Every structure is written in structure tokens, then in C-alpha cells.
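Q: Here is a sequence with its predicted model. Questions after.
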Amino acid sequence: MKYMKRETIASIYADPKPASVTIAGWVRSIRDSGEFAFVTVNDGSCFGDLQVVLQKSDVSNYSEITSQNVGAALSVSGSVVLTPERQQPFELHAHEVCVLGESDPSYPIQKKGLSREFLRTQQHLRSRTNLFRAVFRIRSVAAFAIHEFFQERGFIYVTTPIITTSDAEGAGEMFRVTTLDVDSPPRDGSGNVDNAQDFFKTPAYLTVSGQLQAENFALSFGDVYTFGPTFRAENSNTRRHAAEFWMIEPEMAFCNLSQDMDVAEAMLKYVIQAVLTMCPDELAFCNKWVDKGLLARLQHVVDSDFARITYTEAVSILDAAEKNGTSFEYPVSWGMDLQTEHERYLTETHFKRPVFVTDYPKEIKAFYMRLNEDGKTVAACDCLVPGIGEIIGGSQREERLEELEARMEALGLNPESYKYYLDLRRYGGCEHAGFGLGFERLVMYVTGVENIRDVLPHPRTVGSADF
């Protein structure tokens with residue numbers, strides 16, 4: 001077949017008109033009636049497929065093509081024919097078809113109902129299905145929109161270390177990174193593992209957050225953000241937890257909690273609107289087959305002014321709901337961490353829109369959050385949205401050295417491990433704030449997909465690191 005510039009199916013959808021083109025893609029189905037055949041092809045450039053029409057009299061290798069299996073890679077040259085009276089707006093009438101790569105009959109992604117559990121065992125192929133083509137295109141658009149949002153506002157993009165020696169969250173659920181022989185590690189005179197012989201000369205771990213390092217740059221550049229992988233060695237086998245996931249973490253100098261929430265709300269709306277604009281076909285599929293209320297919920301978030309209440313006010317609302325007959329699995333009391341059922345009640349029943357809850361008890365929040373004047377709460381915020389509850393967590397950071405040192409001492413944190421973090425308070429510290437958004441949590445929200453394993457290209461969860 002002579003060379004011809006390959007057109008993407010997306011470009012044909014963008015400007016459908018009669019033309020001679022060459023496309024290449026993978027077979028999704030073949031229907032052969034003897035004298036002519038219909039071959040459905042997708043090249044990954046868009047959600048829509050292309051119907052290729054083969055006339056036996058026009059294609060010399062008709063039998064070879066119609067005997068191909070689902071998944072085969074083809075190159076097709078032919079004429080685009082507009083078909084406005086049919087379900088598809090156009091089709092390609094082929095005059096030359098080449099098999100670029102055959103597909104074995106054992107190809108596991110056949111045109112039949114396949115469970116998501118089964119497709120998780122086919123991660124190298126599942127992106128050829130409608131669901132995952134939709135999910136991963138939406139994921140791509142959302143990622144680009146995040147960068148766009150911050151870049152348009154003058155933020156500096158900072159890549160923070162994946163390997164670290166400190167635990168930003170104080171949770172202790174970290175993956176150890178070592179070059180020592182785990183079966184027979186070197187030991188010191190006391191019989192302990194001699195970490196001085198390890199690669200970094202000290203225990204090192206995969207990061208749980210880039211926040212602390214991002215703060216370094218915020219106190220130089222003003223507004224910065226990170227967007228990268230984070231890791232949690234949390235033995236939790238739920239639909240919402242993964243061992244490896246991506247986090248968006250902006251940090252802003254000369255910024256208080258109220259301004260922090262302004263940015264979080266604007267960012268969430270911006271990303272959702274970008275997906276609504278750029279992925280109408282993918283969202284329509286998800287709305288039909290995954291979550292029938294998806295489109296209405298996303299548009300509602302974009303159109304809403306987010307409510308803002310304190311944690312204490314939230315507890316009062318929930319307590320009143322209980323007294324009026326609402327039953328919660330976890331009874332409400334001041335000092336507890338709000339559960340998903342409480343968050344969803346606030347957003348879906350009481351306010352009927354997204355809500356920021358602020359000023360949480362210090363005991364249930366991280367050490368770096370600014371202590372409020374009451375001495376009991378910190379300047380923290382969680383953004384709750386209808387459908388899932390918490391989607392963003394943030395705070396004003398503690399800029400006062402003495403208060404930060406006292407909080408770390410109370411929690412038993414080693415000041416030496418956070419020396420550089422304390423230095424930021426010694427050398428020109430100022431009011432600053434930031435938040436964190438788990439990217440996969442966001443992708444789950446904008447697709448309606450309920451399991452984090454289905455929005456990660458290759459999920460890493462308890463007992464699973466395949467592919």
C-alpha cells in the first residue's frame with residue numbers, strides 16, 4: 001500500500017466531509033454478509049468509532065480482512081461518505097485494507113459483558129473498552145486542566161521528592177526505601193540495623209505528600225503547586241484507597257484560610273467545567289452506564305456557591321438531624337472525625353450543595369495546621385461535595401515558631417527531622433495556606449466510577465502490584 005498521511009478518527013469527526021483518507025486502528029467488530037462487510041474500528045484518538053464498509057468487489061483481500069479477529073490492527077484507505085440519515089454521521093468506504101497486526105482468537109476483550117473485576121486482570125487491554133476509554137480520556141483532560149488552572153494564575157509548578165526522610169502527615173504508614181540486604185542487613189554494635197550503611201545513610205521512605213517541600217518554595221515564589229505521585233503503606237482494601245496515587249497540592253504565601261478555600265472552590269469548578277466541555281461523549285457514556293445522575297451533579301457543583309460552616313456548626317446540624325429521626329451508623333459527638341455519611345448528609349440533605357467545613361478539633365488534624373485562638377481547634381478546611389463527601393482537605397499552616405514547636409513536642413515528633421520546616425518560621429515566615437486533592441478521588445467523582453482501581457491505569461493496592 002502506497003504511503004498516505006494517516007488521519008485520526010477524531011479529525012474526521014471534527015470536520016466530516018467527503019474526502020480520501022487513510023486511517024489505522026483496532027478492530028472492535030466485524031459483520032460479514034458475503035458480498036460486503038462492516039468493520040468497526042477505533043484508533044484511540046476519540047471516544048467515537050468509525051464504521052468501515054468493505055465491498056467484496058472493491059477489496060482484493062476481502063477474505064483475509066473478514067477473517068480477522070477482534071483486536072486486530074488495520075490500516076484502511078478509502079472515501080469518507082456522509083450518512084446523516086443513519087445513526088453514525090459518516091462511514092469510510094474502503095478500497096484498500098492492510099492487516100498491520102493480527103489478533104489471536106484468545107483475545108480476552110470480546111464484545112460481551114465483562115465485569116470490572118475481570119478487566120482489572122486485563123489492565124494492559126482494558127483501555128480498549130468503552131468504559132476505560134472514557135475514564136482515561138477524562139483523566140487526561142482533568143490533569144491538563146489542573147495545570148492550566150494554576151498556570152493561568154501565575155503559580156510555579158514544583159516537583160517535590162518521591163524519596164523522603166520525613167512523614168508529612170505524622171501517620172507512620174510509609175514504604176521503606178533501602179538498598180540493604182533485607183534477609184541479612186548489616187548491624188551495629190548493639191545489634192540494630194546499621195542504617196549508616198544504607199544508600200542515604202539514614203532510613204528513607206516513599207513520600208506521603210509533597211506539601212512540606214512545596215512550602216519551601218511558596219516562601220520564595222509566593223504561589224506554587226505540586227502534582228505528582230504519593231504513597232501510603234495503609235493496609236486498607238477499600239474502594240477508595242490505593243497504595244500509589246497522585247496528589248495536587250498548592251501552597252500560597254500571604255494567604256489565609258478563607259483565601260485558600262476561594263482557590264480550592266475555583267479550581268474544582270474549573271476542572272469540572274473543562275471535563276464537561278472537552279469530554280461530552282465520554283460523560284454521556286458514564287451518565288448512561290455508570291451513574292445516571294452524573295451530569296446533573298457535576299453541573300450543580302459548577303453552578304453552586306459553596307457553603308461554609310465550622311466543624312462545631314456541622315456537629316450541631318448533625319445532632320439536630322439525629323434528634324429529628326435521622327439515623328447515622330456513627331453517632332455524632334464533638335471531637336470525632338466526620339464520617340462519609342455525615343458529610344453526605346450535610347451536602348445532599350441539609351445544604352444541597354458543596355460545603356466547606358472549617359475549624360476542626362486539633363486532635364484529629366495534622367501538626368502543621370494553625371492553632372486557633374480558642375486553643376482547641378485549628379484553621380483547617382474540608383471541601384465536601386454531593387455524592388462522595390470529602391474531596392479536598394486544606395489548612396492555614398502554622399507560621400508561629402513557638403506554637404509549631406509546642407505542637408510537634410506534644411505529638412512526639414523529632415524536631416531534627418523537620419529542621420528545614422522550622423527554619424521557614426525563623427527566616428521570614430509569614431501567613432500561608434494550601435490544600436491537597438487526591439487526583440483519583442477527583443476522577444472518580446467526575447466519572448461516577450466508585451472504585452479507585454478503575455480510575456488508575458495500573459493500580460497498586462494491598463497484595464497487587466501487577467503490570
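A: Nice, I can see it.

Q: Could you look up the SS state of Ile23?
A: Assigned with DSSP: H, G, I helix; E, B strand; the rest coil, Ile23 falls in the strand class.

Q: That one contacts Val80, doesn't it?
A: No: taking contacts as C-beta atoms under 8 Å, Ile23 lies outside contact range of Val80: 9.5 Å. C-beta coordinates here come from the backbone N, C-alpha and C atoms, glycine included.

Q: who touches both of these two?
A: Here Ile23 and Val80 have Ile12, Leu92 as joint contacts, going by C-beta atoms under 8 Å, 6 or more residues apart in numbering.

Q: Neighbour count: these two, which is higher?
A: Ile23 (24 against 20; other C-beta atoms under 10 Å).

Q: residues contacting Lys269?
A: Val301, Val302.

Q: Start from the N-terminal end of the stretch 51-200 of the chain and give the helices.
A: Per DSSP state H, counting those that start in this stretch, the stretch 51-200 of the chain carries helices over the ranges 62-66, 116-119, 130-152.

Q: Looking at those, which is nearest to Ser209?
A: When those are compared by C-beta to C-beta, helix 130-152 sits nearest Ser209, at 16.6 Å.

Q: Just give me the neighbour total for Ser236.
A: Counted with other C-beta under 10 Å, Ser236 comes out at 12.

Q: That should have said Met174, apologies.
A: With other C-beta under 10 Å as criterion, Met174 counts 21.

Q: Pull the contacting residues for it.
A: Taking C-beta under 8 Å, 6+ apart as the test, what Met174 contacts is Asp167, Tyr205, Leu206, Val208, Phe231, Arg232, Ala233.

Q: Do I have it right that the second one meets Thr164?
A: Yes: counting by C-beta under 8 Å, Tyr205 does reach Thr164; the two are 6.0 Å apart.

Q: Now, the contacts of Met174 that are in strands?
A: Judged by DSSP state E, the subset of the contacts of Met174 located in strands is Tyr205, Leu206, Phe231.

Q: beta partners for the last one?
A: Read that as Phe231. Glu244 (DSSP bridges).

Q: how close does it get to Ile163?
A: Between Phe231 and Ile163 the distance, using C-beta to C-beta, to the nearest Å, works out to 10 Å.

Q: and Glu409, that one's in a helix?
A: Yes: according to three-state DSSP, Glu409 belongs to a helix.

Q: Strands of the stretch 201-350 of the chain, start to end?
A: 204-206, 223-231, 244-253, 307-310 (DSSP state E, counting those that start in this stretch).

Q: of the ones you listed, which approaches Arg400 most closely?
A: strand 244-253 (15.2 Å).

Q: gap between the residue nearest to Glu282 when sequence neighbours are not counted and Ser417?
A: For Glu282, ignoring the flanking residues on the chain, the nearest one in space by C-beta to C-beta, 6 or more residues apart in numbering is Ala134 at 3.8 Å. Ala134 sits at a distance of 43 Å from Ser417 (criterion: C-beta to C-beta).

Q: what do you get for Gln87?
A: 62 Å.

Q: higher neighbour count, these two?
A: Ser417 (14 against 6).

Q: so where's the protein uncertain?
A: 1-4, 169-172 (pLDDT under 70).

Q: okay, the helices of the stretch 51-200 of the chain, which one's buried deepest?
A: helix 130-152 (a mean of 19; mean count of other C-beta atoms under 10 Å).

Q: Convert the C-alpha atoms of that one to PDB, please.
A: Provided in PDB are the C-alpha atoms of helix 130-152 (Å, rounded to 0.1, in the frame of the first residue of the first chain):
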ATOM      1  CA  ASN A 130     -15.800   1.900  26.200                       C
ATOM      2  CA  LEU A 131     -15.700   2.400  30.000                       C
ATOM      3  CA  PHE A 132     -12.000   2.700  30.300                       C
ATOM      4  CA  ARG A 133     -11.600   4.700  27.100                       C
ATOM      5  CA  ALA A 134     -14.000   7.200  28.700                       C
ATOM      6  CA  VAL A 135     -12.300   7.100  32.100                       C
ATOM      7  CA  PHE A 136      -8.800   7.600  31.000                       C
ATOM      8  CA  ARG A 137      -9.600  10.300  28.500                       C
ATOM      9  CA  ILE A 138     -11.400  12.200  31.200                       C
ATOM     10  CA  ARG A 139      -8.400  11.600  33.500                       C
ATOM     11  CA  SER A 140      -6.100  13.100  30.800                       C
ATOM     12  CA  VAL A 141      -8.300  16.200  30.300                       C
ATOM     13  CA  ALA A 142      -8.700  16.700  34.100                       C
ATOM     14  CA  ALA A 143      -4.900  16.500  34.600                       C
ATOM     15  CA  PHE A 144      -4.300  19.100  31.900                       C
ATOM     16  CA  ALA A 145      -7.000  21.400  33.300                       C
ATOM     17  CA  ILE A 146      -5.300  21.300  36.700                       C
ATOM     18  CA  HIS A 147      -2.000  22.600  35.200                       C
ATOM     19  CA  GLU A 148      -4.000  25.100  33.100                       C
ATOM     20  CA  PHE A 149      -5.800  26.500  36.200                       C
ATOM     21  CA  PHE A 150      -2.600  27.100  38.200                       C
ATOM     22  CA  GLN A 151      -0.500  28.300  35.300                       C
ATOM     23  CA  GLU A 152      -3.100  30.900  34.300                       C
END
